[in-house]
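just to be clear, the model below is a prediction. Sequence and coordinates:
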Amino acid sequence: MCGIAGYVGNRNAPEILFDMLKRLEYRGYDSAGIACISDQDVVIFKDRGRVDEIRESAGCERIISDIGIAHTRWATHGEPSECNAHPHSDCTNGFIVVHNGIIENYRDLREGLMERGHRFESETDTEVVPHLIEELYTQSFEVAFREAIKKLRGSFAIAAISIHEPDKILIARKESPLIIGLGDGENFIASDTPAILPNTRRILIMDDFDYGIVTKDRVKIKDIRTGDEIKKKIQTIQWSMEQAERGGYPHFMLKEIFEEPEAVKNATKAIKEIEDIAKKLTGYKRIYFVACGTAYHAGLLGKYLLERFSIPSEAVVASEFRYSTVNTIDSDCAVIAISQSGETADTLASVKEAKNKGAYVLSIVNVVGSTLTRISDDNIYTYSGPEIAVASTKAYLGQLTAITLLGLYLAGESGRIEMDYVNEIIDDINNLPGKIRQILNNEDEIKKLARRLANKNTFFYIGRRLNYPTALEGALKIKEISYVHAEAYPAGELKHGPLALLEDGIPVVAINPNDDLFRKMESNIQEARARKATIIVVGESGDLKTPVIDPLLSPLLYIVPLHLFAYHISVLRGLDPDKPRNLAKSVTVE
Ligand code: F6R
């Protein structure tokens, strides 16, 4: 959600900044901009639109600069427009700022600044920052920056440059991600690792209340509150460049769907940690899964899985958990937070609240070193590799695998199932990547079905028990990237209202594994068919055919054709599945 970047070194800053922005574009893409210091002057290029368009009009080759900051925006305050695009500057054009997050007290700050004669050009919350620095500046950019940051409430990752001290970028972080990439005679600032991968793998991770002074040869990190210097450990990014590239696929989303077999395999690498953590979990009376969006659907599977083994559990979306469910949490509870990015604001807030209530917190996370991993008691990594497409696909498979293994070990450890059965299912999980590949090899059939239904504007998805989350996830995917109205229901619920909406030709996607509820699902399908709905069954003998699988693992297989189906519908409708409108990856605001 908004990407920020910075560069200081000996190379051409505008070129590097636009390259970095391109790699951060998944975080927001309604407008973008860069600011560089060139010849004691500030040059700003910003506009509404995509990074490539703005880059072209900027004409980087004409700008000579070795320091600058950049931003790709997902609008919060003020519509996407040239004046609301970042970077923002003060009245003198001497201090320039980019920001990710929300400054909650910006109205008060803005009113005060206006009363004191400052002129504002945008509707953003961010613009107060350069004006505050301007007002507080006497001799030191750093002092003015720190004093300005101390006045802000809310969340922020901020980078600032100044013509008064053109050799440095000042940065600060609270509740929005920010890293520093360490180069040789050059340094980089970014919201996320893919932006700096082509240049360096050595990074420093900023924590809440850290601020930094970054020149081409030096990085100093200090505490915003005390001004004391902080020593940070240099971390190494494990992801490769290829993983963060499209690699011949037309879209990241398609590439990532084709990486789903590896996502399952990679998640099993954590099997030893999962086994140990499962033992710990047996000591808790109630288990809560907390997450947002797709990750919440993974949590819901966790709940159904544990209930299957008679272990009480609940799944709650983080934006509700943090304000309601948390009132019921105590030290008898274990909270399992699930997140691809490890930076989702509501999930982080839920974890903090749960910890305050004495709960044990386990996180299932993809991004190593993300904020969530640093505030949890234990972490299980899914090792899915970088997920760049806004819509989550392979990360979901990683989450489902980790949760299934955890549920199995927990049930085994608490004596609800035999360990032999656990090992049998683990063997099946090891065979799962091959079965997923069989589905992916059938892409043409899925595409054919998508062609038949691409002009439909309403879809229903139904499933029961473990595959109710699959229905929810299938519906979410198609609605977010294809802009069709899609609803998911537990199949038994259809006749309690939604059936009224069914009419001739409306597609109903029914997920029907070969289990004890197979016949019940058949009846629900018949009810929809009787209203002339177009039925698409996902299952062993369905329209979207799936290999034979233990029903317990069916959610890990049945979502795959639905991901591909949603992708093709989006492309057939002429849309860009990697950058759905109004959305952004990594939702770092509430
Ligand atoms: C949907 C999607 C989102 C995310 C949600 C949580 O395709 O990607 O719903 O799943 O924003 O994000 P993470 O997992 O990063 O916490």
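Received the coordinates, thanks.

which ones are touching Lys220?
212-213, 229 (CB atoms under 8 Å, 6 or more residues apart in numbering). Yep, even glycine has a C-beta here, placed from its N, CA and C like the rest.

quick one: stretch 251-265 near the ligand?
No: shown here: stretch 251-265 not in contact with the ligand (CB under 6 Å from any ligand atom), separated by at least 9.5 Å.

circling back: sitting in strands, which of the contacts of Lys220 do you find?
Judged by DSSP state E, the contacts of Lys220 include 212-213, 229 as members of strands.

from those residues, keep the buried residues only.
212-213 (16 or more other CB atoms under 10 Å).

relative to the ligand, how far out is Glu15?
30 Å (CB to the nearest ligand atom, to the nearest Å).

so who does that residue touch?
Cys60.

likewise for the one 10 residues further on?
Residues counted as contacts of Glu25 (CB under 8 Å, 6+ apart) are 3, 32, 50-51, 72, 579.

mind checking the longest helix of the chain?
Secondary structure assigned by DSSP state H gives helix 419-441 as the longest helix of the chain.

residues in contact with that one?
257-258, 260-262, 264-265, 268, 271, 397, 401, 404-405, 408-409, 411-412, 546-547, 549-550, 552-553, 556-557, 560-561, 564.

need the helix or strand of the protein with the lowest average pLDDT.
helix 51-58 (a mean of 89; mean pLDDT, DSSP states H and E).

same for the very next helix or strand once past that one, what does it pack against?
Downstream of helix 51-58, the first helix or strand assigned by DSSP states H and E is strand 67-73. Here strand 67-73 touches strand 3-8, helix 13-24, strand 31-38, strand 95-103, strand 154-162, going by 3 or more CB pairs under 8 Å, 6 or more residues apart in numbering; DSSP states H and E.

could you export the third one as PDB, CA atoms only?
So the one you mean is strand 31-38. C-alpha atoms of strand 31-38 as PDB (Å, rounded to 0.1, in the frame of the first residue of the first chain):
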ATOM      1  CA  SER A  31      -0.100   7.900  -9.400                       C
ATOM      2  CA  ALA A  32       3.700   8.100  -9.000                       C
ATOM      3  CA  GLY A  33       6.500  10.500  -8.800                       C
ATOM      4  CA  ILE A  34      10.200  11.200  -8.100                       C
ATOM      5  CA  ALA A  35      12.200  14.100  -6.700                       C
ATOM      6  CA  CYS A  36      15.900  14.500  -7.300                       C
ATOM      7  CA  ILE A  37      18.400  17.100  -6.300                       C
ATOM      8  CA  SER A  38      20.200  18.400  -9.400                       C
END
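
now do the next helix or strand after that strand: distance to the chain's middle.
Downstream of strand 31-38, the next assigned helix or strand under DSSP H and E is strand 41-48. Here the centre of strand 41-48 is set off from its chain's centre by 28 Å, with CA atoms, centre = their mean, to the nearest Å.

go on, stretch 390-409?
With CA atoms, centre = their mean, you get 15 Å for stretch 390-409.

let's number from 18 now, not from 1
Happy to do that; since the first residue is 18 now, the last one works out to stretch 407-426.

now it: average pLDDT?
Taken as a whole, stretch 407-426 has a mean pLDDT of 98.

just the buried residues of that stretch, please?
Those would be 407-426, for stretch 407-426 by 16+ other CB under 10 Å.

show me what contacts Asn27?
Here Asn27 is in contact with 83, 202-203, 233 (criterion: CB under 8 Å, 6+ apart).

how about CSV for the residues you listed, with pLDDT and distance to the ligand added?
CSV is the format used below for the contacts of Asn27 (pLDDT from 0 to 100; distance: CB to the nearest ligand atom, whole Å):
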residue, pLDDT, distance to the ligand
Asp83, 96, 34
Gly202, 97, 34
Glu203, 98, 30
Lys233, 98, 33
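
mind giving me the PyMOL select for those residues, buried ones only?
Buried members of the contacts of Asn27, defined by 16+ other CB under 10 Å, are picked up in PyMOL with:
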select buried, resi 83+203+233
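
wasn't Leu427 part of a helix?
Yes: Leu427: assigned to a helix according to DSSP: H, G, I helix; E, B strand; the rest coil.

much appreciated, bye for now.
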